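Student: Need a 3D model of the following:
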Amino acid sequence: MAQHNAFYAQSGGVTAVINATACGVIEACRQAPDQIGKVYAGHNGIIGALTEDLIDVNQESDEAIAALRYTPGGAFGSCRYKLKDIETHRTQYERLIEVFKAHDIRYFFYNGGGDSADTCLKVSQLSEKMGYPLTAIHVPKTVDNDLPVTDNSPGFGSVAKYIATSTREASLDIASMCATSTKVFVLEVMGRHAGWIAAAGGLAGEAEGEPPHMIVFPEVAFDRKKAMARVDESVKRYGYCVIVVSEGARYEDGTFLADAGNTDAFGHRQLGGVAPTLAGMIKQDLGYKYHWAVADYLQRSARHLASKTDVEQAYAVGREAVALALAGKNSMMPAIRRISESPYQWDIIATPLAEVANREKFMPPSFITEDGFGITADCRQYLLPLIQGEDFPPFENGLPKVARLSLTLAERKLPDFTL
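Tutor: From the prediction side, this is the model:
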């Protein structure tokens, strides 16, 4: 088999373990020198391919690449940039193929969520139409855990561990002060359409009455009267109420509780803070003193509290992506398959991108309690294995060490391109 080059890019919101996937991809490529020559990474995701800003990963040492495994963020730069429709804006896709041709790139690894899977699929289809032999593999990543087929998405387990831990720790704070101070605490977590992260907050409590006392899921229509009654009941019964609310909480008509009125680069509604919105309702309807917090970027960058299971799976899908490509498995995604619950066992299977692109996996009704405010035993059984184990990064001078890359750009060979 002739030697050709590979391209890797990170897309969308980053995670605590997306760089572990990058590490898996790059190390696997380096271990196949007969088939893969250089590895390029897109500077700021797919934008780097369009503008021909290609990071020459071969300039990075083995030690620096290994350090990616415990480094959060997106080491090569990510982006929220959705390629336009291929039928009306074919030029962008043709530009990608031109860049790949110019740099002899025959392997395309795109690390992201559902939109990225769609892009990867379209690039694969166009390369075939243009007669350019490109093997395109989508590598799963999303804290939202909403990719179909795969049992769970790399990045989610670590967020789940962080949110469950933060909910438990903050609850102890509120419980200790509720007699004379704060009665209600609201924690806002990510999750636009799917409540997986909010559900993880439910792991904090293990017995009746333990917080969180209420979880607000996107999958369950928000009823203000019912929700306020739940808060009031919890305060009167336990002395306080802890709430975990998904940013995508919505009313029966589909309107978000916190719609900021704008859209992001992917066309998604920009959400403007459901925690203060919900806290305002509590103040207005019940008069209780409250505090609220937004986990925001902290939840997806907390590598110091990453799940060992998540780190191992993130690295594994990166390596498997390369194995699929070298085996000629085009337009595929390595998906995690749960083999058994006890002991928890998993492996990786190949899934056609057509079954993944632009599809979302929501919380099943069996995972949400009948009252709509908690998680069931089935949900707990699903979530618990994903947060198991600690994989602490090395520390130096009291702070976690991170990878330091040179990010050297390859020489451009094509004219400039306007996005």
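Student: What ranges in the chain fall below the confidence cut-off?
Tutor: Applying pLDDT under 70 to the chain flags the ranges 1, 260-272.
Student: tally of neighbours for Phe395?
Tutor: Using other CB atoms under 10 Å as the criterion, Phe395 is surrounded by 10 other residues. Where you see a C-beta, it was placed from the backbone N, CA and C, and this is true even at glycine.
Student: Grab the nearest non-local neighbour of it.
Tutor: Ranked by CB to CB, 6 or more residues apart in numbering and with sequence neighbours excluded, the top spatial neighbour of Phe395 is Lys401, at 6.8 Å.
Student: ok, the one you found - contacts?
Tutor: Neighbouring residues of Lys401 by CB atoms under 8 Å, 6 or more residues apart in numbering: 67, 70, 393-395.
Student: Same question for Lys84.
Tutor: With CB under 8 Å, 6+ apart, Lys84 has these contacts: Gln92.
Student: check which helix or strand covers it.
Tutor: Element membership for Lys84 (DSSP states H and E) is empty, with no helix or strand holding it.
Student: for Phe7, same thing?
Tutor: Assigned by DSSP H and E, Phe7 falls in strand 4-10.
Student: Please save the CA atoms from the helix or strand that that strand is followed by in PDB.
Tutor: Next in sequence after strand 4-10, counting helices and strands by DSSP H and E, comes helix 18-30. C-alpha atoms of helix 18-30 as PDB (Å, rounded to 0.1, in the frame of the first residue of the first chain):
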ATOM      1  CA  ILE A  18     -11.100  15.400  23.000                       C
ATOM      2  CA  ASN A  19      -7.300  15.800  23.000                       C
ATOM      3  CA  ALA A  20      -7.100  12.200  24.300                       C
ATOM      4  CA  THR A  21      -8.800  11.300  21.000                       C
ATOM      5  CA  ALA A  22      -6.400  13.400  19.100                       C
ATOM      6  CA  CYS A  23      -3.600  11.500  20.900                       C
ATOM      7  CA  GLY A  24      -5.100   8.200  19.800                       C
ATOM      8  CA  VAL A  25      -5.400   9.300  16.200                       C
ATOM      9  CA  ILE A  26      -1.900  10.700  15.900                       C
ATOM     10  CA  GLU A  27      -0.200   7.900  17.700                       C
ATOM     11  CA  ALA A  28      -2.000   5.300  15.600                       C
ATOM     12  CA  CYS A  29      -1.000   7.200  12.400                       C
ATOM     13  CA  ARG A  30       2.700   7.300  13.600                       C
END
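Student: got the contact list for helix 18-30?
Tutor: Applying CB under 8 Å, 6+ apart, the external contacts of helix 18-30 come out as 6, 8, 10, 36, 39, 41, 57, 60, 62, 65-66, 68-76, 78, 107, 109, 111, 139, 141, 154-155, 311, 314-323, 403.
Student: rerun at 6 Å
Tutor: 6, 8, 10, 36, 39, 57, 65, 68-69, 71, 74-75, 109, 111, 139, 141, 311, 314-315, 318-319, 321-322 (CB atoms under 6 Å, 6 or more residues apart in numbering).
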